[in-house]
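Trainee: what would the 3D arrangement of this be:
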Amino acid sequence: MADIKNPEPTRSELEILMILWQHGPSTVRFVNDQLNKEKREVQYSSTLKLMQIMFEKKLLLRDESSMKHIYRSAEGEQKMKGLLLDRFLASTFNGSASNLMMQLLDNSKVSKEELAEIKNLLNKL
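Mentor: Reported below is the predicted structural model:
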């Protein structure tokens, strides 16, 4: 499903993107420290290599103007999540948003507050 224009990130790449979306442009060291804090033990060299690959895949942009390279996501969080959701919807639910929502509501414990938010959103649509 991934294509050259919009490559689909792997799970590990998505973890890095989520850190960059949350914290903004960052060094490899910062991203690695966050991965170690939030996810699991990851070697700096592994994070560096993965971020270099993500740069080559055009998932990340890199500012090389200083000694420490600063990376940022090439796509905004909402756009990337939208692309991933569209691909997931097409491949798993034959493009049916209603089937996805019914499965989601059946499988998860949705709070009253979340249900109210969903109803609000549906009413706006």
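Trainee: and the residue most central in space within the chain, which of the three is it?
Mentor: The centroid of the chain falls nearest to Leu14 when counting by CA atoms, centre = their mean (4.3 Å). At Leu14, secondary structure determined by DSSP: H, G, I helix; E, B strand; the rest coil is helix.
Trainee: how about Leu61?
Mentor: strand.
Trainee: repeat for Tyr71
Mentor: Secondary structure, three-state DSSP: Tyr71 is strand.
Trainee: skipping adjacent residues, who's closest to it in space?
Mentor: Leu60 (4.9 Å; CB to CB, 6 or more residues apart in numbering). The C-beta positions use only the backbone N, C-alpha and C, and glycine is treated the same way.
Trainee: pull the contacting residues for Pro7.
Mentor: 57-59 (CB atoms under 8 Å, 6 or more residues apart in numbering).
Trainee: give me that answer again for 6 Å
Mentor: Lys57 (CB atoms under 6 Å, 6 or more residues apart in numbering).
Trainee: helix, strand or coil for it?
Mentor: Applying three-state DSSP: Pro7 is coil.
Trainee: any idea how far Leu89 is from it?
Mentor: According to CB to CB, to the nearest Å, Pro7 and Leu89 sit 18 Å apart.
Trainee: next: Val110.
Mentor: Taking CB to CB, one finds Val110 at 19 Å from Leu89.
Trainee: just Gln43 next, same as before
Mentor: Counting by CB to CB, the gap from Gln43 to Leu89 is 35 Å.
Trainee: out of those two, which sits in the more crowded spot?
Mentor: Neighbours were counted for Gln43 and for Leu89 using other CB atoms under 10 Å; Leu89 has more, 15 against 11.
Trainee: ok, that one - contacts?
Mentor: Contacts of Leu89 were listed using CB under 6 Å, 6+ apart, and they are 95, 100.
Trainee: for it, identify the helix or strand it belongs to.
Mentor: helix 77-92 (DSSP states H and E).
Trainee: how about that helix: buried residues?
Mentor: 80, 83 (16 or more other CB atoms under 10 Å).
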